[in-house]
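> Here's my sequence, what's the structure:
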Amino acid sequence: MITLKSAHEIDLMRRAGKITAAARALAGEMVRPGVTTQEIDHAVEHFIRKQGAVPSFLHYHGYPASACISVNDEVIHGIPGKRVLQEGDIVSVDVGAYIGGFHGDCAATFACGQISKEAQDLIDVTRQSFFEGIKFAKEGYRLQDISAAIQSYAESHGCSIVREYVGHGVGAEMHESPEIPNYGHPGRGPRLLRGMTLAIEPMVNAGSAAIKLMPDGWTVRTLDGKWAAHYENTVLITDGEPEILTAPAI
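Residues are numbered from 1 along each chain as shown. Down below sits the predicted model:
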C-alpha cells in the first residue's frame, strides 16, 4: 500500500531530507585523489549523528556502513573500505538519514579530480535523466510516466538502464511502496497523488545494462566493466510542481 504523508509528516521528511542532502554534499566535497572510501563513510556518519539523526543504511539488512560508495564500474551498494581514490575515478555516494521517525534518501556521482569527457557525459546524462523523469512527478500522472522519461533520455544518449534495481517509496520505512523502475511505458502504474514521497534514482551504465553481484553480497558492478553512475533524490508529489526534499542547499 502506498502511504500518503500528512502536512506534519512532510515537515518531518523535509528535516530528514535536508540532513541527507547535506551529508551527500559533504561526501562530494571529500571525493579527491588520495582519500579512502572509508574516510568518506566515517565523515558522513559523524555528520549525520551530529545533526541528531541516525544513518539509515548502517546495519540495514546487515549493511556494514553508513554510506554506499561505488567507484567506476560499481553501480550501487559499494562497501566503503581501504580503497584509495585515484585521479580520474567517478564515485557514486548514496546516503540516508533518519530523524523524527522518517528517512531521507539521495545519491550522486562525483568526479575525482580531472575525469574523461566520456565519464563526465555519463554523470551528466544520469543526473539529467532524473530531472527529465520528475517533469512527470505530478498529481494525475502515472508512475511509469516518470520511468519512461528516464529511460528515453538515458537511452537517447547511448546509455543503458539497470533493470534489476529500482527506486521506491520512502518515509517511515527506508523502502516503501511503490517500486519505481527507471524504464517503462507511459500511462502505466499507480496514479500519482499529492502526499506521495518517492526516492527516484536512475542507475545508468555507459555500456550494457547487464550487471553482476559481487561475492560480498552487496556490491553491484557492470558485467562488461564499463562505468556506471547514480543520481537520486527524495521527491514529494504536490498539487503542483514536485518538491525535492533532498535538494542541495543553495
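
> Any chance you could list what contacts the longest helix belonging to the chain?
In the chain, assigned by DSSP state H, the helix with the most residues is helix 7-30. Contact with helix 7-30 is made by 5, 39-40, 43-44, 47-48, 51, 53, 56, 67, 69, 93, 95-108, 110, 171, 195, 197, 233-234, 236, 245-249, as judged by Cβ atoms under 8 Å, 6 or more residues apart in numbering. C-betas here are computed from N, CA, C, even on glycine.

> Show me the shaky parts of this protein.
Within the chain, the stretches with pLDDT under 70 are 249-250.

> one more time with 90, if that's ok
Applying pLDDT under 90 to the chain picks out residues 248-250.

> residue ranges of the helices in it, please?
Ranges of helices in the chain, per DSSP H, are 7-30, 37-50, 117-133, 143-156.

> and among these, the most buried is which?
With neighbours taken as mean count of other Cβ atoms under 10 Å, those reach their highest mean count in helix 143-156, at a mean of 23.

> Counting by contacts, list what that helix packs against.
If contacts are counted by 3 or more Cβ pairs under 8 Å, 6 or more residues apart in numbering; DSSP states H and E, helix 143-156 sits against helix 117-133, strand 160-161, strand 176-180.

> and A149, which of the ones you listed is closest to it?
helix 117-133 (4.7 Å; Cβ to Cβ).

> The longest helix of the chain relative to helix 37-50, how many degrees between them?
Calculated by axes from the mean of the first three to the mean of the last three Cα atoms, to 10 degrees, helix 7-30 forms an angle of 150 degrees with helix 37-50.

> quick one, what contacts V95?
By Cβ under 8 Å, 6+ apart, the contact set of V95 is 20, 23-24, 27, 44, 48, 55-57, 66-68, 105-107.

> do that again at 7 Å, thanks
Shown in contact with V95 (Cβ atoms under 7 Å, 6 or more residues apart in numbering): 20, 23-24, 27, 44, 67, 106.

> Kindly state the beta-bridge partners for M203.
Per DSSP bridges, the residues bridged to M203 are H230.

> who's in contact with it?
Residues in contact with M203 (Cβ under 7 Å, 6+ apart) are 75-76, 162, 165, 182, 228, 230.

> how far away is it from R24?
Noted for M203: a distance of 16 Å to R24, by Cβ to Cβ, to the nearest Å.

> How about Y63?
Distance from Y63 to R24, by Cβ to Cβ: 17 Å.

> before we move on, the earlier item: show me which of the contacts of helix 7-30 are buried.
The neighbour count (16 or more other Cβ atoms under 10 Å) marks 5, 40, 43-44, 47-48, 51, 53, 56, 67, 69, 93, 95-100, 102-108, 110, 171, 195, 197, 233-234, 236, 245-246 as buried among the contacts of helix 7-30.
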